[in-house]
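Participant: sequence first, then the predicted structure, then my questions.
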Number of protein chains: 2
Amino acid sequence: MTTAATETIDSFHRGRFQVIQPLGQGHRSGVDAMLLASLVASDRPCRVADLGAGAGAAGMAVASRLENAEVLLVERSPLMAQFARRSLELAENARLGNRVSVLEADVSLTGRARVAAGLADDSFDHVIMNPPFNDASDRKTPDALKAEAHAMTEGLFDAWIRTAGAIARPGGQLSLIARPESIAAIISACGRRFGGIEITPLHPRAGANAVRILVTAIKQSRARLTLRAPLVVHEEETHKFAGFVDDLNNGRAAYCRRR
Amino acid sequence: MTTAATETIDSFHRGRFQVIQPLGQGHRSGVDAMLLASLVASDRPCRVADLGAGAGAAGMAVASRLENAEVLLVERSPLMAQFARRSLELAENARLGNRVSVLEADVSLTGRARVAAGLADDSFDHVIMNPPFNDASDRKTPDALKAEAHAMTEGLFDAWIRTAGAIARPGGQLSLIARPESIAAIISACGRRFGGIEITPLHPRAGANAVRILVTAIKQSRARLTLRAPLVVHEEETHKFAGFVDDLNNGRAAYCRRR
């Protein structure tokens, strides 16, 4: 008998960076994290916070594509934070340099406790999040760590977006990826904190229901919500969008806001 | 000088029924009303309430396509209700027979007042609505009647969907058409009254932002929300959806729920 592997090293952006992830436990990052990262579009120096970063794939993807981005990975789980730190020490990730760092902190902290934990007010140009989710109708989560990562509660978007609203600078951008059934909770949590909400449904194929929504919003904007044309991952007839989604997934393109 | 016309007679469903509408005042029904009507899919005898029916186009479109549907047009404005009654008396609408009637009542009535006005509990298989809306960024409404029809307030969806939840039978269907920025208010108003929400964005062209959302939901369902593939009115390359939207607009097809 052989000992089962307890972790993997996964390549993203066609090998441009690597992420060490626990195998068979914890949330594993993939396309969701890459699409989330694609929502950050800025050639200028900018500070980015990845809330609930897990092993750090999304935040590292931002730093991989944007050479002027400085990224803070915020993760509550000591185990996942340690995976992120070890990834950053990999020789293969040397090009991310010292632009990515890890902060072990609970995203849902508020007020002084949040600031004391290292999340200061008005200090980030971009805040990104791929919040954990769970649902009674999903298949059971087979382990405690994944259960924690997927422990979506009703108030989670409120708590996380409240923190995003506090730490983003005025005019700063919130970006997130979530499931379609969370759309009302997200909009409600944005409230008066974030406006100009842009929502893009992501469909696996033309004609199929959306499996994710990509959401961006601007702190203190009063612009109205827009529902953008969908992204279709596998375009059966024309392959028109598949190439673009592949570019987003591999860090060759950003998914820019319309305004 | 000639006297300006004060009303028009508009044909829908390629001439299968006609609607008298005020010209230059009041909300004028068109494609929105026809798409709303397309959401009612039932070959069996069914009772349908059209809340805020205006001149009655949407409810009449349901009766036009579904020979077993009995439709109640509910409208607060005496003027618009009178337009609806006159339309029903047109010889051209004889095939709608006595299956469509008009109730002059305020949709936002509650409790005994609502029942006394003629809207009994648990009595409709389908409730449809094209709620009035307005927005400060829209062009000004040029007349008082249209202003009333477009006087969307924050609580309107709550009040209207509360009434829909009361008058729909258990398992009955709510259908509505609205603007994308109302999505959170609609989902919130559905609350525990309606579940299994299905939302379909309507885009004028591929790549353009959605201009409307089509929403259906089932009374007392606990199924999760789904975001369906969009409808594109003008498909530039393939014209694939244009034909289907045209069928919906002309009463040759229903837009059925997925489950």
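Facilitator: Received the coordinates, thanks.
Participant: only C-alpha atoms from now on, for both contacts and neighbour counts.
Facilitator: OK.
Participant: who's in contact with A:Gln18?
Facilitator: A:Ile9, A:Asp10, A:Ser11, A:Phe12, A:Ser87, A:Leu90, A:Glu92, A:Asn93 (CA atoms under 8 Å, 6 or more residues apart in numbering or on different chains).
Participant: what is the burial count for A:Ala41?
Facilitator: Neighbourhood size, A:Ala41 [other CA atoms under 10 Å in any protein chain shown]: 17.
Participant: check contacts around it.
Facilitator: With CA under 8 Å, 6+ apart, A:Ala41 has these contacts: A:Ala254, A:Tyr255, A:Cys256.
Participant: A:Ala33 too?
Facilitator: A:Ala57, A:Ala58, A:Asn130.
Participant: so the closest residue in space to the second one that isn't next to it in sequence, which state does it fall into?
Facilitator: Which is A:Ala58. Closest residue to A:Ala58 apart from its sequence neighbours, by CA to CA, 6 or more residues apart in numbering or on different chains: A:Ala33 at 4.6 Å. Classification of A:Ala33 using DSSP: H, G, I helix; E, B strand; the rest coil returns helix.
Participant: pLDDT score for A:Ala33?
Facilitator: For A:Ala33, the model assigns a pLDDT of 97.
Participant: which residue ranges of the stretch 101-250 of chain A form helices?
Facilitator: Using DSSP state H, counting those that start in this stretch, the helices assigned to the stretch 101-250 of chain A run over residues A:111-117, A:144-149, A:156-167, A:183-190, A:240-249.
Participant: and the contacts of the last one?
Facilitator: Counting by CA under 8 Å, 6+ apart, the neighbours of helix A:240-249 from elsewhere in the structure are A:13, A:31, A:34-35, A:38, A:231-235, A:253-255.
Participant: flag every residue of the stretch 51-200 of chain A that's near chain B.
Facilitator: Residues of the stretch 51-200 of chain A lying close to chain B by CA under 8 Å from any CA of the partner chain are A:Pro180, A:Glu181, A:Ile183, A:Ala184, A:Ala185, A:Ile187, A:Ser188.
Participant: and the furthest pair within the residues you listed?
Facilitator: Spanning the widest gap among these are A:Pro180 and A:Ser188, at 14.0 Å by CA to CA.
Participant: quick one, which of the two is more surrounded?
Facilitator: A:Pro180 (22 against 18).
Participant: so that one sits right up against A:Val211, yeah?
Facilitator: Yes - because the distance of 6.6 Å satisfies CA atoms under 8 Å, A:Pro180 is recorded as touching A:Val211.
Participant: report the set of residues contacting both of those two.
Facilitator: Here A:Pro180 and A:Val211 share the contacting residues A:Pro201, scored by CA under 8 Å, 6+ apart.
Participant: quickly, which of the helices of the stretch 101-250 of chain A bottoms out on average pLDDT?
Facilitator: helix A:144-149 (a mean of 55).
Participant: dump the residue contacts of A:Thr197.
Facilitator: For residue A:197 the amino acid is Ile, not Thr. A:Ile187, A:Val215, A:Thr216, A:Ala217, A:Ile218, A:Ala223, A:Arg224, A:Leu225, A:Thr226.
Participant: which among those residues end up buried?
Facilitator: A:Ile187, A:Val215, A:Thr216, A:Ala217, A:Ile218, A:Leu225, A:Thr226 (16 or more other CA atoms under 10 Å in any protein chain shown).
Participant: for B:Leu174, state which of these is nearest.
Facilitator: Looking across those and measuring by CA to CA, the closest to B:Leu174 is A:Ile187, at 22.1 Å.
Participant: could I get the full set of strands for the stretch 1-150 of chain A?
Facilitator: Ranges of strands in the stretch 1-150 of chain A, per DSSP state E, counting those that start in this stretch, are A:7-12, A:17-22, A:46-51, A:69-75, A:100-104, A:124-129.
Participant: show me the shaky parts of the stretch 101-250 of chain A.
Facilitator: A:134-154, A:236-241 (pLDDT under 70).
Participant: kindly recompute the last result at 80.
Facilitator: Within the stretch 101-250 of chain A, the set of residues satisfying pLDDT under 80 comprises A:133-154, A:235-242.
Participant: returning to that earlier point: in strands only, show me the contacts of A:Ala41.
Facilitator: If you go by DSSP state E, the contacts of A:Ala41 have nothing in strands.
Participant: just the buried ones from these?
Facilitator: Buried among the contacts of A:Ala41 (16+ other CA under 10 Å): A:Ala254, A:Tyr255.
Participant: including pLDDT and distance to B:Pro78, could the contacts of A:Ala41 go into CSV?
Facilitator: Formatted as CSV, those follow (pLDDT from 0 to 100; distance: CA to CA, whole Å):
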residue, pLDDT, distance to B:Pro78
A:Ala254, 97, 54
A:Tyr255, 97, 50
A:Cys256, 97, 49
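Participant: how many neighbours does the nearest residue to A:Val100 once chain neighbours are set aside have?
Facilitator: Using CA to CA, 6+ apart and skipping the chain neighbours, the partner closest in space to A:Val100 is A:Val71 (4.7 Å). When neighbours are defined as other CA under 10 Å, A:Val71 has 27 of them.
Participant: what's A:Val71 in contact with, if anything?
Facilitator: A:Val71 makes contacts with A:Arg47, A:Val48, A:Ala49, A:Asp50, A:Gly59, A:Met60, A:Val62, A:Ala63, A:Arg99, A:Val100, A:Ser101, as judged by CA under 8 Å, 6+ apart.
Participant: just those now: which is nearest B:Arg193?
Facilitator: Among these, and counting by CA to CA, the member closest to B:Arg193 is A:Asp50, at 36.4 Å.
Participant: surely that closest one is in contact with A:Met60?
Facilitator: No - contact criterion CA under 8 Å: A:Asp50 and A:Met60 do not qualify, at 9.2 Å.
Participant: burial check on the residue of the stretch 51-200 of chain A found nearest chain B, number of neighbours?
Facilitator: Proximity of the stretch 51-200 of chain A to chain B (CA to the nearest CA) peaks at A:Ala184, 4.6 Å away. Using other CA under 10 Å, A:Ala184 is surrounded by 16 other residues.
Participant: next one: A:Ser42
Facilitator: 17.
Participant: and it, how far from B:Thr200?
Facilitator: In this view, A:Ser42 and B:Thr200 are 32 Å apart by CA to CA, to the nearest Å.
Participant: next one: A:Val115
Facilitator: A:Val115 is 42 Å from B:Thr200, by CA to CA.
Participant: have a look at these two and say which one is more surrounded.
Facilitator: Counted by other CA under 10 Å, A:Val115 and B:Thr200 do not tie: B:Thr200 has more neighbours, with 19 against 14.
Participant: got a list of what the more buried one touches?
Facilitator: B:Ile213, B:Leu214, B:Val215, B:Leu227, B:Arg228, B:Ala229, B:Pro230, B:Leu231.
Participant: bridged to it, which residues?
Facilitator: Beta-bridge pairing for B:Thr200 (DSSP bridges): B:Leu214.
Participant: and the gap between it and B:Arg252?
Facilitator: Computed as CA to CA, the B:Thr200 to B:Arg252 distance reads 19 Å.
Participant: for A:Arg86, same thing?
Facilitator: Applying CA to CA to A:Arg86 and B:Arg252 gives a distance of 61 Å.
Participant: equivalent analysis for A:Gly155, please.
Facilitator: 44 Å.
Participant: same question, A:Asp247
Facilitator: For A:Asp247 relative to B:Arg252 (CA to CA), the value is 40 Å.
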